[in-house]
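Visitor: this one's sequence-less:
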C-alpha cells in the first residue's frame, strides 16, 4: 500500500511540475526573453544578461518552493563576490541545475547539446553563457575547452559536473579525467559544492517527482596553483565533495 501511495504522489508531482514548466518557462519565459531582447537593444548585452540572471535565479528557488521541498544552505559566505570562478559539484538529479541557479549563482553550464531541444529552456541556457557539448562529435570536446577558457578569462562563472552523469545511488562517482584542466591551466578559482538530497526528489531513469529535503554545502574556494597537476587537483576536489556525502551518510545511520 505504501508503494502505491508513493507512486501516486510521485505521479502527481510529475504532472504538477509539467504544468509549472508550461506556465513558468514557456509562458512567462517567453515574456522574459522578449524583454531581454529589448534591453539588449536599449542598454546592451550585459544589461540583458543581468536581467535574465535575476529571473533564472528566482526560477531556481521557486522550483523547490512549489514542490514543497526544503533547501538548507551551508557556507554561503564562501561564494566569491565576483568571477571568474568555476562551480564544481556532484550530480544527483535534474534538480541540481535549478539548485545552483537559485542558491549559488545563475551561471552557465557545461552540458550536452540536447538541452537546446527543450523549448525556451535551451535559449535560457545559451543566454547564461553555457557551453554545449556534442558527444557524437570528436572535435566538440576540444572546442568546448577553448570556449571554457575564453569565458572564464572574461570574468564569468561557469558550473561543471565532473562525474559526467547523474549518480544512481547518491554517492560521488569518479571525476572524468581532464575535467578540471581549464581551471588548473589558467589558475581559475574553484568553488566546490556538495549536493545531498536531490536524488530523493527524482532518481535517474524515473519520471516520478516527490518533495525532499536538500542540503547544499558550499566549501572553501580552492586555488589550482597550489597543486602540482590537474590529476592532483581533481582528486582533492572530489575528496572534498565526497567526504561531505560520506559524513552525512554516517550521521543518518547513527
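Guide: Perfect, thanks for sending it. Treat the numbers as computed from the prediction; the structure is a model and nothing was measured. Numbering: from 1, shown residues only.
Visitor: any residues touching the longest helix seen in the chain, and which ones?
Guide: As assigned by DSSP state H, the longest helix anywhere in the chain is helix 230-253. Residues from elsewhere that reach helix 230-253 (C-beta atoms under 8 Å, 6 or more residues apart in numbering): 88-90, 162, 170-172, 174-175, 177-181, 183-185, 190, 192-194, 196, 215, 217, 219, 222, 224, 227. Placement of C-beta: from N, CA and C, glycine included.
Visitor: Wait, residue 216 touches residue 102, no?
Guide: No: taking C-beta atoms under 8 Å as the definition, residue 216 is not a contact partner of residue 102, at 9.8 Å.
Visitor: Contacts only, for residue 223.
Guide: Contacts of residue 223 (C-beta under 8 Å, 6+ apart): 187, 189.
Visitor: which stretches of the stretch 101-250 of the chain form strands?
Guide: For the stretch 101-250 of the chain, the strands defined by DSSP state E, counting those that start in this stretch cover 108-112, 131-133, 157-160, 189-196, 213-218.
Visitor: Adding mean neighbour count and distance to residue 46 as columns, could you present the ones you listed in CSV?
Guide: Shown next, in CSV, are the strands of the stretch 101-250 of the chain (neighbours: other C-beta atoms under 10 Å; distance: least, C-beta to C-beta, whole Å):
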stretch, mean neighbour count, distance to residue 46
strand 108-112, 19, 14
strand 131-133, 20, 19
strand 157-160, 25, 14
strand 189-196, 23, 21
strand 213-218, 20, 26
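Visitor: By mean pLDDT, show me the worst of those.
Guide: Comparing mean pLDDT across the strands of the stretch 101-250 of the chain, the lowest value falls on strand 131-133: a mean of 79.
Visitor: now for it, which elements pack on it?
Guide: strand 108-112, helix 140-153 (3 or more C-beta pairs under 8 Å, 6 or more residues apart in numbering; DSSP states H and E).
Visitor: Pairing partners for that strand, with directions?
Guide: strand 108-112 (parallel) (DSSP bridges).
Visitor: any idea how far residue 186 is from residue 225?
Guide: Going from residue 225 to residue 186 by C-beta to C-beta, to the nearest Å gives 10 Å.
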